[in-house]
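Asker: take a look and give me a structure for this.
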Amino acid sequence: MTAPSSARSQRVLIVDDEPALLEAMKIAFTRAGREVVACDSFEAARDRLLAEDFDVMLTDVRLGAFNGLQLAVIARDQDREMGIIVFSGFDDPVLRAEAAGLGASYLVKPVSAEHLLELMAGL
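Answerer: Now for the predicted structure:
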């Protein structure tokens, strides 16, 4: 599926329907040497997941009528090794358990780019 991260820059899919946050993460991760694809909707991210390979996906939970955990299921179906980080503005034990069941990290906003980069380095 994907080449090891050490062989090239991590390819990262970032999904958030909040434009300012999406742009800030894109800038931070690009500056850190990651190859970034940013999507502002579930549908756009789903289409990219089905067509391309990624090392890591970072997604907000709330994405309109859909949610980031639904994207995590698609990501797992595409690539069992992809690192997945799900973030939310609230700590929900049910969502946290669902994320864990998919092998995804669950973080509560606000989350710094530095913290996300540290997590990504371990994936």
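
Asker: which regions of the protein sit below the pLDDT cut-off?
Answerer: Residues of the chain that meet the criterion pLDDT under 70 lie in 1-8.

Asker: so where do the strands sit in it?
Answerer: If you assign secondary structure with DSSP state E, the strands in the chain sit at 11-15, 35-39, 56-60, 62-63, 66-67, 83-88, 105-108.

Asker: most centrally placed residue in this protein?
Answerer: Nearest residue to the geometric centre of the chain (C-alpha atoms, centre = their mean): residue 58, 1.3 Å.

Asker: check contacts around that one.
Answerer: The neighbourhood of residue 58, defined by C-beta atoms under 8 Å, 6 or more residues apart in numbering, consists of 12-15, 25, 85-87, 116. Heads up, the C-betas are built off the backbone N, CA and C, glycines and all.

Asker: look up which residues are beta-bridged to it.
Answerer: Listed by DSSP bridges, the beta-bridge partners for residue 58 are residue 14, residue 85.

Asker: next, find the distance separating it from residue 91.
Answerer: 17 Å (C-beta to C-beta, to the nearest Å).

Asker: also residue 35?
Answerer: Computed with C-beta to C-beta, the distance linking residue 35 and residue 91 is 31 Å.

Asker: quick check: phi and psi at the closest residue in space to residue 22 that isn't next to it in sequence.
Answerer: Take residue 22 and drop its neighbours on the chain: the residue closest to it by C-beta to C-beta, 6 or more residues apart in numbering is residue 16, 4.5 Å away. Here is the backbone geometry of residue 16 (degrees, to the nearest 10): phi -160, psi 140.

Asker: what residues sit buried inside the longest helix seen in the chain?
Answerer: In terms of residue count, the longest helix belonging to the chain (DSSP state H) is helix 19-31. Within helix 19-31, the residues that qualify as buried are 21-22, 25-26, 28-29, counting by 16 or more other C-beta atoms under 10 Å.

Asker: and the residues you listed, which is closest to residue 63?
Answerer: The shortest gap between residue 63 and any of these belongs to residue 22, at 11.3 Å (C-beta to C-beta).
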